[in-house]
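> this one's structure only:
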């Protein structure tokens with residue numbers, strides 16, 4: 001398993017340098033669903049791609065208190081949800 005926790009704009013270049021070296025059946029985890037959908041990840045059919053990303057509370061849920069609604073990135077006072085999905089592959 002390789003976790004690509006890099007800035008979104010570096011994902012294409014970094015994945016092209018790392019993914020070709022991975023073993024068959026490996027899993028790549030990335031934090032940017034937009035880059036994957038835009039085709040910015042190096043593509044291999046013999047590995048799996050898994051995406052996880054936090055949901056911004058002020059967009060994905062309603063908080064009854066204004067202070068919690070202002071926690072735009074979550075985890076301080078608002079509830080934090082995380083999206084997890086297989087982008088490609090069997091895992």
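Received, thanks. Source: prediction; values computed, not measured.
> just the strands in this protein please.
Using DSSP state E, the strands of the chain run over residues 2-4, 27-30, 48-55, 81-88.
> worst mean pLDDT among these?
Lowest mean pLDDT of the strands of the chain: strand 81-88, a mean of 74.
> in its sheet, what does it sit against?
strand 48-55 (antiparallel) (DSSP bridges).
> list the buried residues in the strand it pairs with.
By neighbour count on 16 or more other Cβ atoms under 10 Å, the buried set for strand 48-55 is 48-51. Quick note: C-beta positions are derived from backbone N, CA and C, even for glycine.
> with distance to residue 4 added, can I get those in TSV?
Shown next, in TSV, are the buried residues of strand 48-55 (distance: Cβ to Cβ, whole Å):
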residue	distance to residue 4
48	13
49	10
50	10
51	10
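> circling back to that earlier point, just put the strands of the chain in TSV and tack on distance to residue 36.
TSV is the format used below for the strands of the chain (distance: least, Cβ to Cβ, whole Å):
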stretch	distance to residue 36
strand 2-4	10
strand 27-30	6
strand 48-55	6
strand 81-88	5
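> of those strands, which approaches residue 37 most closely?
Closest approach to residue 37 among the strands of the chain is made by strand 81-88 (7.9 Å; Cβ to Cβ).
> could you pull up phi and psi at the most centrally placed residue in the chain?
The residue lying closest to the centre of the chain (Cα atoms, centre = their mean) is residue 31, at 2.2 Å. Backbone torsions of residue 31, given as degrees, to the nearest 10, read phi -110, psi 10.
> contacts only, for residue 2.
Counting by Cβ atoms under 8 Å, 6 or more residues apart in numbering, residue 2 touches 18-19, 22, 26-29.
> which of those tops the neighbour count?
Within these, residue 28 tops the neighbour count with 24 neighbours, counted by other Cβ atoms under 10 Å.
> tell me how far it lies from residue 64.
39 Å (Cβ to Cβ, to the nearest Å).
> next: residue 55.
Separation of residue 55 from residue 64 (Cβ to Cβ) stands at 18 Å.
> report the angle between the longest helix seen in the chain and strand 48-55.
Using DSSP state H, we find that the single longest helix of the chain is helix 11-18. When axes from the mean of the first three to the mean of the last three Cα atoms, to 10 degrees is applied, the directions of helix 11-18 and strand 48-55 differ by 150 degrees.
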